[in-house]
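Engineer: Starting from these lines, generate the structure:
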Amino acid sequence: MADVSLTTGYAFTDPLGASDPAGTRRRIRRAHALIYGAAGPSLLIAMLADGGPLSQRLATGTAMVAACVLAVLMLLWRRAPDALLLAAFPLAALTVTAVAVLDPPLALTPMYYVWPLMTAAYFLRRREILITYGGVCGSFGAGALWALGEGPLLIEWITVAIVGGVVVAFVEALKRGLGELVDRLHVLAREDPLTGALNRRAFVEQVDHEIARAGRGGHSCAVAIVDVDHFKDINDSYGHAAGDAALRRLVATVSRRLRRGDALGRLGGEEFAVLLAGADRAGAETYAEELRALVAADAAGSGRPYTVSVGVAVLQDPGTSAEGLLDAADGALYRAKRAGRDTVRTA
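Structural biologist: The predicted structure follows:
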């Protein structure tokens, strides 16, 4: 599951916001604003109804003002630092305790603690979750002893501890499952499901990234498009399952030849492309020739031989786009096809 570093500090956990740090920050602020915003009216009612002696009324009023200020702060301070957002989680637990003590009955308290514990279990890592949970148990225990002279204090505290623990464990389990699902969907969105190579969109993004890196570093890169010769004959002679197996075997063969920084993508059908990071013309042509021979030898060993044609294009202009480089390699590929197949041509 991906973590989200909203600034340069704490990495909050948010499976749904892994690619949207600003959205994660916004959700955290809104969750806190709702908790503190709900506490304000509760404390106001407690102060106006039966607030007890003057000292208790003053304490209730102070807590009410503090809750309202925190709610407004969370809504308006869009660049609140990580330290404040982290502190707001245990502070939310203390706010619930203040409401419970100043606006009884305490028997309903476990329901109110669900809110800060759920948000903590979703957005925080294990240690900070435990700190928030400890704040709930500790503050409620202290508040119950101070507010009640008699009653089943131990039973109420055990109830809070158990309910809080169950909520934390349940939300954390859901978060882990959601994170795994999001990671899997991210992989599926970038991979070809049959061969495991990058799909066209992901491959184009990788080529654009390498072109930009090449421009900054003053070096080159190249793309080689690999197309299986007479692929229809494989499907017609051996069946589509055999054709799929041939494509997977081709990807496995090419993958063994990838270097650090290279990438392999499926452009469609039996056509694949290899990004050769840092390769010049001579290096790209040598790679393509070796790959062509390796694929032919490997396919012959499988009992269902086939060959490939390869079109190579080398980056000449840093302003070239990935699609432009692929178009040049595609043109070279068609020249290889017209030359009789099982050969390499360079744009």
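
Engineer: CA atoms for contacts and neighbours, from now on please.
Structural biologist: OK.

Engineer: Just the element for the nearest residue to V136 once chain neighbours are set aside, please.
Structural biologist: The shortest distance from V136 to any residue that is not its chain neighbour, by CA to CA, 6 or more residues apart in numbering, is 5.4 Å, and that residue is A93. Secondary-structure element containing A93, defined by DSSP states H and E: helix 82-102.

Engineer: Quick check: which helices or strands does that helix pack against?
Structural biologist: helix 21-48, helix 54-76, helix 109-123, helix 126-147 (3 or more CA pairs under 8 Å, 6 or more residues apart in numbering; DSSP states H and E).

Engineer: Kindly reformat the ones you listed as a markdown table and extend each row with mean pLDDT.
Structural biologist: As requested, these are exported to a markdown table (pLDDT from 0 to 100):
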| stretch | mean pLDDT |
| --- | --- |
| helix 21-48 | 82 |
| helix 54-76 | 83 |
| helix 109-123 | 84 |
| helix 126-147 | 85 |
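
Engineer: Could you point out which of those sits nearest V274?
Structural biologist: If you check each of the helices and strands packed on helix 82-102 against V274 by CA to CA, helix 21-48 wins as the nearest, at 32.3 Å.

Engineer: Which secondary structure elements does the closest one sit against?
Structural biologist: Based on contacts counted as 3+ CA pairs under 8 Å, 6+ apart, the elements that helix 21-48 packs against are strand 3-5, helix 54-76, helix 82-102, helix 109-123.

Engineer: Select, out of those, the one closest to A282.
Structural biologist: Judged by CA to CA, the one of the helices and strands packed on helix 21-48 that comes nearest to A282 is strand 3-5, at 42.1 Å.

Engineer: average pLDDT for the lengthiest helix in the chain?
Structural biologist: For the chain, the helix that runs over the most residues, judged by DSSP state H, is helix 153-190. In this model, helix 153-190 has an average pLDDT of 87.

Engineer: do the same with stretch 223-243
Structural biologist: Along stretch 223-243, the predicted confidence averages to a pLDDT of 89.

Engineer: gap between the two ends of that stretch?
Structural biologist: Between the opening and closing residues of stretch 223-243 there is a gap of 24 Å (CA to CA, to the nearest Å).

Engineer: Show residues contacting that stretch.
Structural biologist: Identification of contacts with stretch 223-243 by CA atoms under 8 Å, 6 or more residues apart in numbering yields 270-276, 284, 288, 304, 306-314, 325-326, 329-330, 333, 341-342.

Engineer: in it, what's buried?
Structural biologist: Along stretch 223-243, these residues count as buried under the neighbour rule (16 or more other CA atoms under 10 Å): 223-229, 231, 234, 243.

Engineer: Any chance of a markdown table for those, columns secondary structure?
Structural biologist: Formatted as a markdown table, the buried residues of stretch 223-243 follow (DSSP: H, G, I helix; E, B strand; the rest coil):
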| residue | secondary structure |
| --- | --- |
| V223 | strand |
| A224 | strand |
| I225 | strand |
| V226 | strand |
| D227 | strand |
| V228 | strand |
| D229 | coil |
| F231 | helix |
| I234 | helix |
| G243 | helix |
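
Engineer: just to revisit the earlier point, keep only those of the contacts of stretch 223-243 that are in strands.
Structural biologist: Judged by DSSP state E, the subset of these located in strands is 271-276, 308-314.

Engineer: If you rank these by neighbours, which is first?
Structural biologist: With neighbours taken as other CA atoms under 10 Å, the top of those is V310, carrying 32 neighbours.

Engineer: separation between that residue and R29?
Structural biologist: The gap separating V310 from R29 is 54 Å, by CA to CA.

Engineer: Could you do G265 as well?
Structural biologist: According to CA to CA, G265 and R29 sit 41 Å apart.

Engineer: who's more crowded, the two?
Structural biologist: Neighbours of G265 and R29, each counted by other CA under 10 Å, are more numerous for G265; the result is 26 against 22.
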